[in-house]
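Visitor: Got a sequence here, can you build the structure:
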Amino acid sequence: MGKFLLLLLLIISVIVGGVYYFYGNNFSSNKNVPVKSTIDVSSQEFTKGAEIPVRFTCNGDNVNPPLIFDRIPADAKSLVLIVDDPDAGATPFTHWIVFNISPTTTNILENKIPDALEGTNDFGELKYMGPCPDGSHKYYFRVYALDTMLDLPEGVKRADINSSIDGHIIAKGEFFGKYSH
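Guide: All right, here's what the predicted structure looks like:
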């Protein structure tokens, strides 16, 4: 009987270990819906991975660069744009949040806010604040297509946006540039 229990415990350990190995340690429910497609995000002012022109930084005019969105799913209800600097520390430093953007939006013009709501960036502002690093950093322009409009007020923080989009992302895309100061 003792050998049987030992064998049973060994089998259970192997099964649990396999589940942990393949699925990770998050056993809570995963609310994310499958991402159906990738949104193409680009700019006419710089190519992906290239240096961000000075006028879009704290050393220039500090205005948002123009962005182009392509391949937005037809069933999207809204878009979210988050501009951040993952090189700034343990958590990405947020430079701009825009949400409830119409899914028919295919571009954002230079120095223009789309007809949408803005969240509070990590400067404590409701606007675009350009790169201003100590050293060289990458800056990501991330676009999310959602299956809903967000029921949030203007001025919300990134954590509220993150928790509200969880489970509603149907497509996403990103574009990045670098800046050295």
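Visitor: alpha carbons only for contacts and neighbour counts from here, please
Guide: Will do.
Visitor: can I see the domain layout of this structure?
Guide: 1-29, 31-180 (automatic domain parsing).
Visitor: So for the longest one, mean pLDDT?
Guide: Over the span of domain 31-180, the pLDDT mean works out to 95.
Visitor: how far does it sit from the chain's center?
Guide: From the chain centre to the centre of domain 31-180 is a distance of 7 Å (C-alpha atoms, centre = their mean, to the nearest Å).
Visitor: the strands in the protein, which residues?
Guide: In the chain, the segments counted as strands under DSSP state E are 37-38, 40-42, 67-70, 78-85, 93-101, 107-108, 117-118, 136-146, 169-180.
Visitor: Quick one, which of those strands gets closest to Gly49.
Guide: Closest to Gly49 of those is strand 169-180 (C-alpha to C-alpha; 4.5 Å).
Visitor: Go through the closest one and flag the buried ones.
Guide: 169-179 (16 or more other C-alpha atoms under 10 Å).
Visitor: And the furthest pair within those residues?
Guide: Ile170 and Tyr179 (30.3 Å).
Visitor: what's across from the residue nearest to the spatial centre of the chain in the sheet?
Guide: What sits nearest the mean C-alpha location of the chain, by C-alpha atoms, centre = their mean, is Arg142, with 4.6 Å. Beta bridges link Arg142 to Ile82, Glu174 when assigned by DSSP bridges.
Visitor: Quick check, it in contact with Ile82.
Guide: Yes: Arg142 lies in contact with Ile82 (C-alpha atoms under 8 Å); the separation is 5.2 Å.
Visitor: Nearest to Lys138 among the buried residues of strand 169-180?
Guide: Lys178 (4.4 Å).
Visitor: Look up how far Asn59 lies from that closest one.
Guide: 14 Å (C-alpha to C-alpha, to the nearest Å).
Visitor: burial count for the nearest residue to Pro86 once chain neighbours are set aside?
Guide: Excluding the flanking residues, the one nearest Pro86 by C-alpha to C-alpha, 6 or more residues apart in numbering is Pro92, at 4.0 Å. Pro92 is flanked by 15 other residues according to other C-alpha atoms under 10 Å.
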